[in-house]
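*Asks:* Predicted model, plus sequence, below.
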Amino acid sequence: MKKALWFFVLTLALVTSAHSAEFSAKVGVVNVNLLIEQAPQAKAASQRLEQEFAPQQKQLQQLMQKVEKLRSEFQKNKLTLSPEQRAVKEREIALLAREIQRRRADIQELVNLRRNEELAKLQALINQAIREIGRKEQFDLILYDGIAFSSQRIDLTQKILSYLKRLQKQKKAALNK
């Protein structure tokens with residue numbers, strides 16, 4: 001639906017400009033995926049997520065080491081254990097392995113939720129940057145979804161990326177004061 005609307009607006013602008021020598025539109029395009037990959041805010045968000053979930057990852061790693069140690073000890077000693085002792089050890093290992101799987105799934109779900117939150121913030125910032133540059137440079141139309149081709153002349157991606165980098169530097173400078 002969005003793509004159809006953008007296509008209609010762009011087509012209307014081009015048809016109108018073809019019929020009227022007085023009408024000219026300043027059009028630009030932006031590669032949002034590139035901005036999401038390269039924006040310093042994306043890298044900062046990724047680092048924040050790593051730091052936020054480092055303790056849980058460490059606990060998970062410790063549990064995995066524990067279960068490996070139990071498995072190793074069990075393999076070494078299983079011939080000397082009674083059937084009841086073997087069953088108890090196997091159950092202990094299985095319970096711990098299930099606990100690891102459950103915790104891994106829980107952590108992954110939390111990471112995904114937080115990543116989506118950070119992505120939403122970044123997308124809002126990118127949209128703000130696009131609007132700001134659009135107003136400042138007096139663009140009539142800026143497209144960023146479903147572009148099959150655009151010339152470098154109307155590609156604003158690097159301008160938006162530079163704007164985002166300046167914002168990140170300003171934010172860091174403000175935090176250091």
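*Replies:* Nice, I can see it. Residues are numbered from 1 along each chain as shown.
*Asks:* For whatever helix or strand R104 lives in, what does the pLDDT average out to?
*Replies:* In the assignment (DSSP states H and E), R104 maps to helix 83-136. Per-residue pLDDT over helix 83-136 has a mean of 95.
*Asks:* Go through the helix or strand just after it and flag the buried ones.
*Replies:* Next helix or strand after helix 83-136 toward the C-terminus (DSSP H and E): strand 141-143. Of all the residues in strand 141-143, those buried under the rule 16 or more other C-beta atoms under 10 Å are 142-143. Bear in mind the C-beta positions are built from the backbone N, C-alpha and C, glycine included.
*Asks:* Ok, stretch 66-83 next?
*Replies:* Buried-residue list, stretch 66-83, by 16+ other C-beta under 10 Å: 67, 70, 74.
*Asks:* does the second one count as helix, strand or coil?
*Replies:* Meaning L70. helix (DSSP: H, G, I helix; E, B strand; the rest coil).
*Asks:* what's the answer for L79, then?
*Replies:* Going by three-state DSSP: L79 is coil.
*Asks:* what separates it from Q62, distance-wise?
*Replies:* According to C-beta to C-beta, to the nearest Å, L79 stands 29 Å off from Q62.
*Asks:* and what of L49?
*Replies:* From L49 to Q62 the distance is 20 Å (C-beta to C-beta).
*Asks:* Look up how far I126 lies from the most centrally placed residue in the chain.
*Replies:* For the chain, the residue nearest the mean C-alpha position is L119 (5.0 Å; C-alpha atoms, centre = their mean). Per C-beta to C-beta, L119 is found 10 Å from I126.
*Asks:* Return every residue with contacts to both of those two.
*Replies:* Shared contacts of L119 and I126 (C-beta atoms under 8 Å, 6 or more residues apart in numbering): I36.
*Asks:* ok, back up a step: how about the residue nearest to the centre of the chain, nearest residue that isn't a chain neighbour?
*Replies:* Nearest non-adjacent residue to L119, counting by C-beta to C-beta, 6 or more residues apart in numbering: I36, 7.3 Å away.
*Asks:* Could you do V32 as well?
*Replies:* V32's closest residue in space is Y144 (C-beta to C-beta, 6+ apart), at 4.9 Å.
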